[in-house]
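Enquirer: How does the following fold in three dimensions:
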Amino acid sequence: MLAFLILSSFNRKQAEKNDYQNQFRQEIWLDTVKWQLTKIYSLDSFVQVPGTKAFIHFNTSDGRINGNGGCNSFGGRVTVDGNSLRVDNIFSTKMYCASVQKTEDQFFRQVQQVTGYGIKGNKLLLFAGDILVLEFDAD
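Expert: Numbers count the residues shown, from 1 in each chain. Below is the predicted model:
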């Protein structure tokens with residue numbers, strides 16, 4: 001019984017350590033990659049975003065994000081705590097680009113709703129609550 005308790009305690013501590021290391025790796029990778037926008041999700045569908053220059057880059061140590069919506073450059077503040085992620089104070093240039101404006105507007109709206117993230121393979125998934133709203137590929 002004593003051996004079982006010791007082994008159980010070791011396994012729990014190892015799992016906590018692995019969770020912490022995975023979280024730390026995700027935050028480092030979140031910062032070190034330029035994330036290319038690939039999909040914008042709405043209630044019951046998604047829009048594929050192929051070949052645009054829309055991307056997001058995180059600098060969590062400075063609490064900043066920057067990127068491009070496909071036409072306009074943008075920036076803002078970001079707060080990351082574990083897998084929680086919040087974007088505030090989004091600002092952007094104000095050019096109008098008819099070919100991508102609808103997609104860019106939707107992208108900016110969704111970014112402001114984000115409350116969490118996950119990294120799966122080379123994909124960054126941004127969530128509003130439990131709902132997937134944006135998907136990116138590592139560039």
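Enquirer: mind listing the strands for the chain?
Expert: 35-41, 46-48, 55-59, 64-68, 73-81, 84-92, 116-120, 123-128, 131-138 (DSSP state E).
Enquirer: got the angle for the last one vs strand 116-120?
Expert: Counting by axes from the mean of the first three to the mean of the last three Cα atoms, to 10 degrees, strand 131-138 lies at 50 degrees to strand 116-120.
Enquirer: what mean pLDDT would you report for strand 131-138?
Expert: Regarding strand 131-138, the rounded mean pLDDT is 95.
Enquirer: Dig out what E135 forms beta bridges with.
Expert: As for beta bridges, E135 partners with K39, L125 under DSSP bridges.
Enquirer: re the thing from before, let's have the strands of the chain in TSV, adding mean neighbour count.
Expert: Just so you know, the C-beta spots here come from the backbone N, C-alpha and C atoms, and that holds for glycine as well. As requested, those are exported to TSV (neighbours: other Cβ atoms under 10 Å):
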stretch	mean neighbour count
strand 35-41	21
strand 46-48	12
strand 55-59	19
strand 64-68	19
strand 73-81	16
strand 84-92	15
strand 116-120	16
strand 123-128	19
strand 131-138	18
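Enquirer: want to try a markdown table for those, with distance to V100 as columns?
Expert: As requested, those are arranged in a markdown table below (distance: least, Cβ to Cβ, whole Å):
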| stretch | distance to V100 |
| --- | --- |
| strand 35-41 | 11 |
| strand 46-48 | 11 |
| strand 55-59 | 13 |
| strand 64-68 | 10 |
| strand 73-81 | 13 |
| strand 84-92 | 13 |
| strand 116-120 | 24 |
| strand 123-128 | 19 |
| strand 131-138 | 15 |
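Enquirer: mind listing what V47 touches?
Expert: Listed by Cβ atoms under 8 Å, 6 or more residues apart in numbering, the contact partners of V47 are 39-40, 103, 106.
Enquirer: Good, wrapping up.
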